[in-house]
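Asker: Predicted model and sequence below, questions to follow.
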Amino acid sequence: MQRPVSSLRLSPSVKVKLVSAGFQFTADLKDLDQSQLSRDAGLSQQEAMEVLQVVRRAGGGDEGGALSSVTALELLQKEEEELGSIVTFSSQLDAALDGGLPVGKTTEICGVPGVGKTQLCLQLAVDVQVPPCFGGVGGQVVYIDTEGSFVLQRVIDIATAAMQHCSLLVEDDEQRVAMETFTVENILSNILLVRCHDYVELLAELNLLPDFLCARPRVRLLVIDSVACPFRWLVDELSQRTRLLNVLAQQLITMATKYNIAVVVTNQMTTRLRGGQSHLVPALGENWGHAPTIRLLLHWEGSRRLATIIKSPCHMDSITQYEITGEGFRDADQSEQPQNKRTRTESYQSNG
């Protein structure tokens with residue numbers, strides 16, 4: 001297996017420079033000389049020399065040399081026994097997703113401003129903590145806020161509603177005991193908030209995250225709201241942005257599978273000309289669109305809010321209607337559920 005640069009015995013600042021320059025694995029460095037590495041990664045000559053020495057001691061990119069394999073049956077058993085899903089508190093959307101957002105996979109939530117992306121993220125940050133005896137995963141969340149949209153009072157409102165909802169479902173002693181710790185105070189203490197102002201800070205935090213996840217095995221959700229915001233200043237440097245986004249995508253996929261967490265990122269929308277007309281599509285380009293396992297589009301149809309699964313290898317095309325209420329992300333009136341689901345979904349896929 002290729003060894004990631006983030007695993008090397010280097011200072012955090014040097015790791016950030018390497019990853020920011022697009023060097024993800026030690027194999028990317030083994031053919032460079034000191035001067036070239038210094039120039040490409042913005043390192044001093046001394047730092048570049050130290051990096052190359054560490055890479056050579058690490059074996060240039062192969063770790064161990066033995067093939068690491070797992071059978072399909074083992075993967076199935078792992079998903080059934082260890083992973084699970086995080087409910088959204090919209091029964092219609094949960095049904096479309098076979099129980100909720102899956103742990104161990106990456107999900108992108110895209111949409112225009114004000115449609116409810118952050119509200120869904122805040123809901124998930126609370127819902128990941130629902131005790132297993134109520135059908136939850138009983139985990140913690142790392143919430144990376146890049147836009148300053150994390151509102152504490154809103155989280156308190158959602159947590160209060162979730163706690164009250166579960167209290168109405170209590171039927172046995174196990175659930176009564178679980179409710180003693182499923183409180184607003186504990187919910188807030190299990191949301192680990194990180195504020196990032198640019199892509200350098202975001203990449204630095206992600207480089208430190210593996211060690212953090214090892215120390216906190218209860219973490220079952222990573223939220224980045226939003227992934228597009230830190231990279232908006234690189235709009236005129238497309239090659240660098242593409243390289244950095246590729247690094248970011250691989251990091252998120254690795255963390256989702258290695259640490260058994262659900263990775264949820266939000267993305268903004270942009271316009272693309274096609275056939276002489278402009279269409280709204282998710283930002284960050286087509287290459288980034290391959291990164292998430294599931295792509296969920298939140299959008300308006302008149303005054304209705306709709307959630308469309310526009311990409312998933314394991315879910316059928318579907319559109320569900322939802323509402324943002326005082327209690328959080330919820331089902332809309334069943335009589336107003338949208339029709340012609342497949343046709344509408346194919347339309348969004350052709351535009352994206």
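Answerer: Okay, I see it.
Asker: which residues sit in contact with Val200?
Answerer: Val16, Ser20 (Cβ atoms under 8 Å, 6 or more residues apart in numbering). (Glycine included, C-beta is placed from N, CA and C.)
Asker: Also Tyr322?
Answerer: Counted by Cβ under 8 Å, 6+ apart, Tyr322 has contacts Ser90, Gln92, Leu93, Gly116, Arg305, Leu306, Ala307, Phe329, Arg330, Asp331, Ala332.
Asker: which SS state does it fall under?
Answerer: Under DSSP: H, G, I helix; E, B strand; the rest coil, Tyr322 falls in the strand class.
Asker: Give me the nearest residue to it, chain neighbours excluded.
Answerer: Counting by Cβ to Cβ, 6 or more residues apart in numbering, Tyr322 lies nearest to Ser90, which is 4.9 Å off, once chain neighbours are set aside.
Asker: how far away is that neighbour from Val194?
Answerer: As defined by Cβ to Cβ, to the nearest Å, Ser90 lies at a distance of 27 Å from Val194.
Asker: ok, the two, which is more surrounded?
Answerer: Ser90 (23 against 20; other Cβ atoms under 10 Å).
Asker: ok now do the more buried one, which residues does it touch?
Answerer: For Ser90, counting by Cβ under 8 Å, 6+ apart, the contacting residues are Ala307, Thr320, Tyr322, Phe329, Arg330, Asp331.
Asker: if you set the cut-off to 6 Å instead, what comes out?
Answerer: Tyr322, Phe329, Arg330, Asp331 (Cβ atoms under 6 Å, 6 or more residues apart in numbering).
Asker: Touching, Cys110 and Ala283? I think so.
Answerer: No - taking contacts as Cβ atoms under 6 Å, Cys110 lies outside contact range of Ala283: 7.7 Å.
Asker: And whichever strand or helix holds Arg39, what does it pack against?
Answerer: Counting by DSSP states H and E, the element that carries Arg39 is helix 34-41. Applying 3 or more Cβ pairs under 6 Å, 6 or more residues apart in numbering; DSSP states H and E, we find helix 34-41 packed against helix 45-57.
Asker: Contacts for the helix it packs on, please.
Answerer: Contacts with helix 45-57, where a contact means Cβ under 6 Å, 6+ apart, come from Leu8, Val14, Thr26, Leu29, Gln34, Leu37, Ser38.
Asker: likewise stretch 240-248?
Answerer: Contacts of stretch 240-248 (Cβ under 6 Å, 6+ apart): Val19, Gly22, Gln24, Phe231, Leu234, Trp288.
Asker: Among these, which lie within helices?
Answerer: If you go by DSSP state H, the contacts of stretch 240-248 have Val19, Trp288 in helices.
Asker: just the contacts of stretch 240-248: which has the poorest pLDDT?
Answerer: For the contacts of stretch 240-248, the weakest pLDDT value sits at Leu234, with 72.
Asker: Would you mark the buried spots in the helix or strand His165 falls within?
Answerer: Here His165, judged by DSSP H and E, is contained in helix 152-167. Within helix 152-167, the residues that count as buried by 16 or more other Cβ atoms under 10 Å are Arg154, Val155, Asp157, Ile158, Ala159, Thr160, Ala161, Ala162, Met163, Cys166.
Asker: Please compute how far it lies from its chain's middle.
Answerer: Remark: helix 152-167 is offset 22 Å from the chain centroid, using Cα atoms, centre = their mean, to the nearest Å.
Asker: Which residues does that helix contact?
Answerer: Outside helix 152-167, the residues that touch it by Cβ under 6 Å, 6+ apart are Leu122, Gln123, Val126, Phe134, Met179, Phe182, Val184, Ile187, Glu327, Gly328.
Asker: Columns distance to Val51 and pLDDT on top of the buried residues of helix 152-167, output as TSV?
Answerer: Output for the buried residues of helix 152-167, formatted as TSV (distance: Cβ to Cβ, whole Å; pLDDT from 0 to 100):
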residue	distance to Val51	pLDDT
Arg154	44	98
Val155	41	98
Asp157	48	98
Ile158	45	98
Ala159	45	98
Thr160	50	98
Ala161	50	97
Ala162	47	97
Met163	49	97
Cys166	50	96
